[in-house]
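> Mind looking at a prediction? Sequence and model below.
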Amino acid sequence: MAAKTIYRNESLIQVDRYQTDEARAEALVEGLRNKWVYLRGENHAGDYPVEILRTARKNSNGSNSVEVVEVFKWKSIEDREYAKGTEQYQAVLEDLAALTTNETSSGIFTESVRGFSPNFPDQGGMELLRGVCSCLLTIDGYVEDYPMSVKNGSVLMHRSPGMDFDGDGHREMHLAILYHGGDIVEASLGPIRVAQNFNVPNDGIVRSRNIGSNDFPATAIWRVGWAIQTELGRIITDPDTPLVFGPAEVKHYPPVGTEFHSTTGPVKLFMESTGKKVGTLTPGQLTAFDIIVTRDDEVYADHLNQPSEGILTLLKERTEALATA
């Protein structure tokens, strides 16, 4: 079966096309930049950078014109509809209309598409991803088994090239998580920020199930530790018990859309400042649904391409445990 290419179904991506003359092209581009700055400042634009494209056109009457295309993303459908009803946003659109020679063509796109590869990348690289992560949170005296879902999570990671690190014929790609986190508000605890505990391993691995053919399908896991900032203080998951998501079957690269269900049971939570146990956390599911930036290594990052200690053994142990369960 071919890899599924549609990984995000929504109605937040907007594409606007503008026609103008050469004299007003720079002013139009500047106006579009300011439009995006305004929407970001009002917290209506999504966390994608705006893309503004321009090209010169030769008209049928021999005159020159400029086409400018703007691609940006709304934060939510509610933000889009709210902004359209404000006088400030309508004023921004009127200023842009004054710089065009034709009526603006505007479209909302509902499906964002990425191509997938049947093999690991041949060189290492850096990636910035967006995703969602769920868990059950218990803080003694405040919440019990609260279904916390961080839907605006982000991960900055380094991936190694695909290599057979242990010599058994199966290629692997090792993942070093440099930063991850997200925010949520819970009534009893107020604003919560889930962040990375840098004092414990934060890494992952994708290991091919094949020998001498395509790398996928593959098996993958993530291993992380959290530091949760609350109004009560900074709370950390048990440093001796990593949060493990997976193993999961991965059918393509990048692994967007793959659901990593946790195989870790309840983990103790400690107040970092005192070391006192204050609750438990049961990790649920991790899903990466978008890659914002991908950049292959221009300089071979040898220290990041090395396997993390114990990650391959952990993957094999968890996979065998599932197979015999």
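Arrived safely. Numbers count the residues shown, from 1 in each chain.
> show me what contacts the residue nearest to residue 124 when sequence neighbours are not counted?
Using CB to CB, 6 or more residues apart in numbering and skipping residues adjacent in sequence, the residue nearest residue 124 is residue 297, 4.4 Å away. C-beta here means a position set from N, CA and C on the backbone, and glycine is covered the same way. Counting by CB atoms under 8 Å, 6 or more residues apart in numbering, residue 297 makes contact with 123-126.
> one more time with 10 Å, if that's ok
Applying CB atoms under 10 Å, 6 or more residues apart in numbering to residue 297 gives the contacts 121, 123-126, 158-161, 304-305.
> Mind checking which of those residues are buried?
Burial by neighbour count, judged by 16 or more other CB atoms under 10 Å, picks out 121, 124-126, 158-161, 304-305 from the contacts of residue 297.
> Out of those, which sit inside helices?
Among the buried ones among the contacts of residue 297, the residues falling in helices (DSSP state H) are 304-305.
> which one of the buried ones among the contacts of residue 297 is nearest residue 256?
Nearest to residue 256, judged by CB to CB, of the buried ones among the contacts of residue 297 is residue 159 at 13.5 Å.
> Could you tell me how far the closest one is located from residue 254?
Distance, residue 159 to residue 254, by CB to CB, to the nearest Å: 9 Å.
> what's the overlap in contacts for those two?
By CB under 10 Å, 6+ apart, the residues touching both residue 159 and residue 254 are 121, 127, 294.
> Next, format those residues as TSV and append pLDDT and distance to residue 262.
Putting those into TSV (pLDDT from 0 to 100; distance: CB to CB, whole Å) gives the following:
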residue	pLDDT	distance to residue 262
121	86	26
127	89	22
294	81	26
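> so where's the protein uncertain?
The model of the chain has pLDDT under 70 over residues 1-10, 110-115, 299-301.
> And the strands in the stretch 101-250 of the chain, which stretches?
Assigned by DSSP state E, counting those that start in this stretch, the strands in the stretch 101-250 of the chain fall at 105-113, 125-139, 143-159, 172-186, 190-196, 203-208, 218-224, 226-230, 233-237, 243-250.
> Which helix runs longest in the protein?
Per DSSP H, the chain has its longest helix at helix 25-41.
> What count of nearby residues applies to the nearest residue to residue 209 once chain neighbours are set aside?
Using CB to CB, 6+ apart and skipping residues adjacent in sequence, the residue nearest residue 209 is residue 217, 5.4 Å away. Here the number of neighbours of residue 217 (other CB atoms under 10 Å) works out to 13.
> Then the one 10 residues further on?
A count of nearby residues for residue 227, using other CB under 10 Å, gives 18.
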